[in-house]
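>>> this one's structure only:
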């Protein structure tokens, strides 16, 4: 049988096929995705689930003239392969390769850069309004959004606006009942009822009530039905809504059976689907250190509750949910709600651990300031994936939190050096705080095997000296201390270098800093966050305000967005790896 995908580079080639050939193309496209992701890693399940939809959209609409916006972008691998990137798709998420998410600078087919959820409807509506103003009444604007993402506040805001517009917008709800974890909430329950009771699609329909032309639910894996419905919808003006039902991981048995794990399974055997064991698995992931420690503390302290905005498994709070479901809250993709929910809980004496990826806390910045810090409510923010996260790239690097949190009054900021320190700060916070605290820790594995030691209380605002030296003081925060230690050992002048783990970005250990600035003329600050406004800036501010004239060098993330690649490759690019640091120490 002729290989169809081999002769397709872009949608123009795709549209030369007959509708009867498209199911074969879907099989080939699915196998192509599986082959590459099995070898390279990446987001698997979401892209497998929308293969037929991806083909149908590019077949029926005149992309890129018609504008297609993907929500989040986990599911856009098939889209990338069909839009001039098949020959380089093997570089997906690799250093200097193509991005794992749609990226405007990468292709004209990527109409909007994405990575965080629930932005697609707003973006597509903005495009549709612009087309109306330009007189382009026949131009189509399509947003593809999942059932987890559409429950987010921003998506509701956009639906509310779109429903009273005359914009030519088509919203496609990709309903597979799962985001990264299973979808939650009242809207999810409504969508489940619609799938089992088609009368609800006609009567008391939420989407129709918002003035959309609603159709569905439609089998999202039936290409012929999709083509018929898309052809009909192309003729209808104004806001339209198509509800399709898909299976995440479609076409790979393991991915269908374990949709949570196979959202992003790492490398796996493409035939069996069995995952390949990570060489670092001797150690424990920081998220698991967190999840296991919180569970241990919650067993003894009944005031502890845990909150996560749709990152239950990613934050390892599934451990807490399994044992204490009434004290564990997955609120869906709703970071703003998660923060203020935690604030409300603290007013009634509970101890909420609000667990949010660093990159997603940005979405709740007002709530951190207004609802927590201003009221001095001791919410414990646990910022997973802080620092460089690797292959997910610019949308996911947790490099801004130090800078945007440091300016907020009443807020403590702590970065543990290792798993033991993370464990101890979690223990310390639940003993009682007068202020909110943000604890930032990285993605991936630690380096300590025996980390489950007896708890020790950490004195707030106190740094530690890890290594004594004569002429140069290196001040670090967080797990990048390991790179510093390795660099010192590699340095020819290792005896000249002192190393301090400041631990607290706010409040700074002023007593220790006075000692450091009095003893050392040369000071280097190192962080895995942005230099602008970050930890190094705080040290410079201390120096200036206290009249010191020391030579200070700040190292960290420069003032530009960092692309994707392995964490080590990115550290080398930014001269934050141990070899680069060792060279700098020798030259300083």
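Perfect, I can see it now. All of these numbers come straight from a predicted model, not from anything done at the bench.

>>> what about the nearest residue to residue 311 once chain neighbours are set aside, neighbour count?
The shortest distance from residue 311 to any non-neighbouring residue, by C-beta to C-beta, 6 or more residues apart in numbering, is to residue 357 (6.2 Å). C-beta here means a position set from N, CA and C on the backbone, and glycine is covered the same way. Residue 357 has 25 neighbouring residues, counting by other C-beta atoms under 10 Å.

>>> roughly how far does residue 357 sit from residue 386?
Using C-beta to C-beta, to the nearest Å, we find residue 357 at a distance of 8 Å from residue 386.

>>> who does the helix or strand where residue 207 lies touch, helix- and strand-wise?
Element membership of residue 207, judged by DSSP states H and E, is helix 206-209. Helices and strands touching helix 206-209, by 3 or more C-beta pairs under 8 Å, 6 or more residues apart in numbering; DSSP states H and E: there are none.

>>> start the count at 121 instead of 1 going forward.
All right, first residue 121 from here; so that's helix 326-329.

>>> show me which helix runs longest in this structure.
Identified as the longest helix of the chain according to DSSP state H is helix 142-160.

>>> who touches that one?
Identification of contacts with helix 142-160 by C-beta atoms under 8 Å, 6 or more residues apart in numbering yields 121, 123-125, 128, 134, 137, 162-164, 167-168, 171-172, 174-176, 179, 197-198, 201-202, 206, 209-210, 212-214, 343, 347, 370-372, 387-390.

>>> on that earlier part again, can you pull the phi and psi angles for the residue nearest to residue 431?
phi -60, psi 140 (degrees, to the nearest 10).

>>> about what we covered before: report the buried residues of the longest helix of the chain.
Going by neighbour count (16 or more other C-beta atoms under 10 Å), the buried part of helix 142-160 is 142, 145-146, 148-150, 152-154, 156-158, 160.

>>> and residue 126, which of the three is it?
Following DSSP: H, G, I helix; E, B strand; the rest coil, residue 126 is assigned to helix.

>>> any idea how many residues pack against it?
10.

>>> how about it, what does it touch?
Residue 126 neighbours (C-beta under 8 Å, 6+ apart): none.

>>> got a pLDDT number for residue 134?
On pLDDT, residue 134 comes in at 97.

>>> revised request: answer the last question for residue 320.
pLDDT, residue 320: 65.

>>> returning to what we had before: joint contacts of residue 477 and residue 506?
With contacts defined as C-beta under 8 Å, 6+ apart, the residues shared by residue 477 and residue 506 are residue 518.

>>> buried ones among the contacts of helix 142-160?
Looks like the contacts of helix 142-160 have 124-125, 128, 134, 137, 162-164, 167-168, 171-172, 174-176, 179, 197-198, 201-202, 206, 209, 212-214, 343, 347, 370-372, 388 buried, using 16+ other C-beta under 10 Å.

>>> out of the residues you listed, list just those in helices.
The helices, defined by DSSP H, take in 134, 167-168, 171-172, 174-176, 179, 197-198, 343, 347 from the buried ones among the contacts of helix 142-160.

>>> can I get these in JSON lines including distance to residue 598?
Rendered in JSON lines, the data for these read as follows (distance: C-beta to C-beta, whole Å):
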{"residue": "134", "distance to residue 598": "47"}
{"residue": "167", "distance to residue 598": "33"}
{"residue": "168", "distance to residue 598": "36"}
{"residue": "171", "distance to residue 598": "40"}
{"residue": "172", "distance to residue 598": "44"}
{"residue": "174", "distance to residue 598": "40"}
{"residue": "175", "distance to residue 598": "45"}
{"residue": "176", "distance to residue 598": "46"}
{"residue": "179", "distance to residue 598": "49"}
{"residue": "197", "distance to residue 598": "33"}
{"residue": "198", "distance to residue 598": "38"}
{"residue": "343", "distance to residue 598": "49"}
{"residue": "347", "distance to residue 598": "52"}
